[in-house]
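Novice: Give me the fold of what follows.
(chains A and B)
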Amino acid sequence: QKEVEQNSGPLSVPEGAIASLNCTYSDRGSQSFFWYRQYSGKSPELIMFIYSNGDKEDGRFTAQLNKASQYVSLLIRDSQPSDSATYLCALVTQGGSEKLVFGKGTKLTVNP
Amino acid sequence: DAGITQSPRHKVTETGTPVTLRCHQTENHRYMYWYRQDPGHGLRLIHYSYGVKDTDKGEVSDGYSVSRSKTEDFLLTLESATSSQTSVYFCAISTSGRNEQFFGPGTRLTVL
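Specialist: Predicted structure coming up:
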């Protein structure tokens, strides 16, 4: 199993819906988890980070972490066409020492 | 914007020529990283630096070297460019031990 797995999509949701993006990982010792958004032709932009089990909310975004099941998810409420982008999951593995491992990303399209 | 610039932003070169990409930051962050991003592979770490003159290899370091003689600059050199090094290169910085990384705008390199 690869270290970080994401469904490549594309994931298509209607405007106003909840978009759910998922990421699973193999290293049980992973401590820090990040979600980046990348618009086509642009650089990745950090939108959420989470370190503890449970939910973390920031505006329309909620990150959820379940270390026992080794998954982290990102929920986008009231999805907007401007949310259309590729979302990258990243984490620091045990002993990773400031090195992030990235998933390949999930492409999200929000349809007006 | 974490005060990161990359130069050049676009470059076309020929196989066998040396190429140097520059990453410059204005905020005195300790950690700096070089990634490449390719379709189907996602973001992959090439080299990183944890201080002036302190560097280490990442996942895909073959054919690349780096140097960091000043806190603000991190250089990536392709000793003899090959077509397989055609990619988009991103520099990133880390602001603290919490591992969030912020990315520069990227350099699109084409090796003919």
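Novice: CA only for contacts and neighbour counts going forward, please
Specialist: Fine.
Novice: Surely residue A:35 forms part of a helix?
Specialist: No - going by DSSP: H, G, I helix; E, B strand; the rest coil, the assignment for residue A:35 is strand, not a helix.
Novice: check contacts around it.
Specialist: A:46, A:47, A:48, A:49, A:74, A:87, A:88, A:89, A:90 (CA atoms under 8 Å, 6 or more residues apart in numbering or on different chains).
Novice: Is it bridged to anything, and to what?
Specialist: Beta-bridge partners recorded for residue A:35 (DSSP bridges): residue A:48, residue A:89.
Novice: Quick check: pLDDT value at residue 55.
Specialist: Since no chain was named, I'll use chain A. In this model, residue A:55 is scored at 96, pLDDT.
Novice: my bad, the chain I had in mind was chain B
Specialist: On the pLDDT scale, residue B:55 is placed at 93.
Novice: Roughly how far does it sit from residue A:56?
Specialist: Using CA to CA, to the nearest Å, residue B:55 is found at 34 Å from residue A:56.
Novice: Check residue A:107 too.
Specialist: According to CA to CA, residue A:107 and residue A:56 sit 22 Å apart.
Novice: same question, residue A:37
Specialist: Here the distance between residue A:37 and residue A:56 works out to 17 Å (CA to CA).
Novice: Likewise for residue B:35?
Specialist: Separation of residue B:35 from residue A:56 (CA to CA): 28 Å.
Novice: just residue A:80 next, same as before
Specialist: For residue A:80 relative to residue A:56 (CA to CA), the value is 20 Å.
Novice: And the two? Which one has more around it.
Specialist: residue A:80 (19 against 16; other CA atoms under 10 Å in any protein chain shown).
Novice: out of the contacts of residue A:35, which are buried?
Specialist: A:46, A:48, A:49, A:74, A:87, A:88, A:89, A:90 (16 or more other CA atoms under 10 Å in any protein chain shown).
Novice: What is the least confident helix or strand in chain A by mean pLDDT packed up against?
Specialist: Lowest mean confidence among the helices and strands of chain A (mean pLDDT, DSSP states H and E): strand A:100-102, at a mean of 89. Judged by 3 or more CA pairs under 8 Å, 6 or more residues apart in numbering or on different chains; DSSP states H and E, the packing partners of strand A:100-102 are strand A:85-92, strand B:42-51.
Novice: Pull up the distance across stretch B:75-83, start to finish.
Specialist: 20 Å.
Novice: could you show me where the strands are in the chain, in order?
Specialist: Since no chain was named, I'll use chain A. A:4-6, A:11-14, A:19-25, A:32-38, A:45-50, A:54-58, A:61-66, A:71-76, A:85-92, A:100-102, A:106-111 (DSSP state E).
Novice: Switch to chain B, please.
Specialist: Under the criterion DSSP E, chain B carries strands at the ranges B:4-7, B:10-13, B:19-25, B:31-38, B:42-51, B:54-57, B:64-70, B:73-78, B:87-94, B:101-103, B:107-111.
Novice: Residue B:79 versus the closest residue to chain B within chain A, what's the distance?
Specialist: Nearest residue of chain A to chain B (CA to the nearest CA) works out as residue A:104 at 4.4 Å. Between residue A:104 and residue B:79 the distance is 28 Å, computed by CA to CA.
Novice: Who has more neighbours out of the two?
Specialist: In this view residue A:104 and residue B:79 are compared by other CA under 10 Å, and residue A:104 has more residues nearby, 24 against 14.
Novice: If we ignore the residues flanking it in sequence, what's nearest the more buried one?
Specialist: Spatial nearest neighbour of residue A:104, chain neighbours left out: residue B:42 (4.4 Å); criterion: CA to CA, 6 or more residues apart in numbering or on different chains.
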